[in-house]
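Undergrad: got a sequence here, can you model it:
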Amino acid sequence: MIRFNKPYFTGNEITYIKQAIDDGRLSGNNAFSKKCHNFFEQKYGFKKVLLTTSCTDALEMASILIDLKPDDEVIVPSYTFVSSANAFVLRGAKIVFADSEPNNPNIDANTLEALITPKTKAIIVVHYAGVACDMDAIMALANKHNIFVIEDAAQAIDSYYKGKALGSIGHLSAFSFHETKNIITGEGGLLVINDERFIQRAEIIWEKGTNRSAFYRGEIDKYGWVDVGSSFLPSDMIAAFLYAQLENIDDIQNTRKAIWERYYKAFIPLAEKGCFQLPSVPSYATNNAHMFYLVCTSSEQRHALIQHLKANGVHAVFHYLSLHKSPFYHSKHDKNRELPYCDNFADCLIRLPLFYELNQQDQDKIISEINNFFLAQTKEPISLTAEKIA
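TA: Residues are numbered from 1 along each chain as shown. From the prediction side, this is the model:
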């Protein structure tokens, strides 16, 4: 079976973890944490970053930082992972779900103003598959109505919007280093603070509600409990693992992009025949090759394709279910407002294997099996040669 995902190890992860152990400082915010923080701030221009134990934790920190209160409203795309909404539900917020764009799973900026009320506190944008949302339109809307923008950039490491790194545009941003992401720690995340108003308080929330970080920098002579908070920071062994990944980010990205491009070129003939839709990358966005997906013409076709691939040794998967229809939230969603594009992606999107060590032979097999599936449906020959997709 060709796996859907395989975590990639650069070779230095164990070496750096041993260095952290030998240093005798395993708790958070030590040497490797600082190395990672410096990397992100210098490479991507983030104003301030803090490693977290997950992207979910970073989003929960964001919900505290914007001082979210019960009954405040937060606009969230319905086509996303549950953490994008759950982090704000935990603070008592009402979630107002937004639809996707017609040809892209990202939140449709054109629908947002109609969802804003005097209670709206924030818009959560999810850069699906590492492809940017329309950030100029979203930020203009946020500035007009004096609301916050939080980028859920879980999938968006090393991706850009009009030359700006994703995660550097909203007031706050969150990244994931889950083992399915481009850069991994198994579990892990990052909070990005782009608004200076939040920097000092973010450190306090991060350090269990204490001003310990200021104490360690020598800015105060003792530290204590000064705000709400929790233990959001990961151990330095996690940071050591992450730093080995970050040192190799360019190689990892280039390899993934080559695999993505090979898929895309190979599937153009099928897409032109109307078998499915290929991923859409707007002109203002870059592609970080986080995932390669196809949008089938129906849920029945997608199910049949997944089963065909499984029977022939390929593990492909669907993705999110519409959150506005979830068992937990469907009764809270305004019933008369349908989100048809979100539902279409929930029913029809299929993700193909994409990981650093996916070799050309296995990728050829995946491409061939998808070709065979649609050839059996159409009974028409589809030109697909090794020369064409090399």
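
Undergrad: extract the residue ranges of the stretch 151-300 of the chain that are flagged as low pLDDT.
TA: Within the stretch 151-300 of the chain, the set of residues satisfying pLDDT under 70 is empty.

Undergrad: need phi/psi at residue 341.
TA: The phi/psi pair for residue 341 (degrees, to the nearest 10) reads phi -70, psi -40.

Undergrad: give me the spatial nearest neighbour of it, chain neighbours excluded.
TA: Taking CB to CB, 6 or more residues apart in numbering as the measure, residue 341 lies nearest to residue 100, with 4.3 Å between them; neighbours along the chain are not counted. Bear in mind the C-beta positions are built from the backbone N, C-alpha and C, glycine included.

Undergrad: so what's the one you found up against?
TA: 77, 78, 79, 106, 107, 108, 339, 341, 342, 344, 345 (CB atoms under 8 Å, 6 or more residues apart in numbering).

Undergrad: likewise residue 88?
TA: With the criterion set at CB under 8 Å, 6+ apart, residue 88 makes contact with 59, 63, 68, 74, 76, 95, 122, 124.

Undergrad: how many neighbours does the first one have?
TA: If I follow you right, that is residue 59. Under the neighbour criterion other CB atoms under 10 Å, residue 59 is assigned a count of 27.

Undergrad: and what of residue 281?
TA: Residue 281 has 16 neighbours, counted by other CB under 10 Å.

Undergrad: surely it touches residue 287?
TA: Yes - taking CB atoms under 8 Å as the definition, residue 281 is a contact partner of residue 287 at 5.0 Å.

Undergrad: who touches both of those two?
TA: Common contacts of residue 281 and residue 287, defined by CB under 8 Å, 6+ apart, comprise residue 131.

Undergrad: quick revisit: from the contacts of residue 100, which land in strands?
TA: Judged by DSSP state E, the subset of the contacts of residue 100 located in strands is 77, 106, 107.

Undergrad: quick check, nearest of these to residue 42?
TA: Distance to residue 42, by CB to CB, is smallest for residue 106 among these, at 27.9 Å.

Undergrad: what sits against that closest one?
TA: Counting by CB under 8 Å, 6+ apart, residue 106 touches 77, 100, 125, 126, 127, 128, 131, 132, 133, 134.

Undergrad: one more pass at 10 Å, please.
TA: The neighbours of residue 106, taking CB atoms under 10 Å, 6 or more residues apart in numbering as the test, are 77, 79-80, 100, 125-129, 131-134, 280, 282, 285.

Undergrad: looking at those, which is nearest residue 316?
TA: Using CB to CB, the shortest approach to residue 316 within the contacts of residue 106 belongs to residue 129, at 15.0 Å.

Undergrad: helix/strand/coil for the closest one?
TA: Secondary structure state of residue 129, per DSSP: H, G, I helix; E, B strand; the rest coil, is helix.

Undergrad: quick check: it touching residue 294?
TA: No - with contact defined as CB atoms under 10 Å, residue 129 and residue 294 do not form a contacting pair (11.9 Å).

Undergrad: what is in contact with the two at once?
TA: By CB under 10 Å, 6+ apart, residue 129 and residue 294 have these common neighbours: 279, 349, 351.

Undergrad: quick one: the second one and residue 319 touch, right?
TA: Yes - taking CB under 10 Å as the definition, residue 349 is a contact partner of residue 319 at 5.4 Å.

Undergrad: who touches both of these two?
TA: What both residue 349 and residue 319 touch, as defined by CB under 10 Å, 6+ apart, is the set 79, 105, 128, 129, 291, 293.

Undergrad: can you name the two of these that are farthest apart?
TA: Every pair in the shared contacts of residue 349 and residue 319 was compared (CB to CB); the two farthest apart turn out to be 79 and 291, at 13.6 Å.

Undergrad: and these two? Which one has more around it.
TA: Taking residue 79 and residue 291 together and counting by other CB under 10 Å, residue 79 has the greater number of neighbours (30 against 24).

Undergrad: and for the nearest residue to the more buried one once chain neighbours are set aside, the neighbour number?
TA: If the residues on either side of it in the chain are set aside, residue 79 comes closest to residue 342, at 4.3 Å by CB to CB, 6+ apart. Other residues lying near residue 342 total 27 when counted by other CB under 10 Å.

Undergrad: and for residue 272?
TA: By other CB under 10 Å, the residues close to residue 272 number 10.
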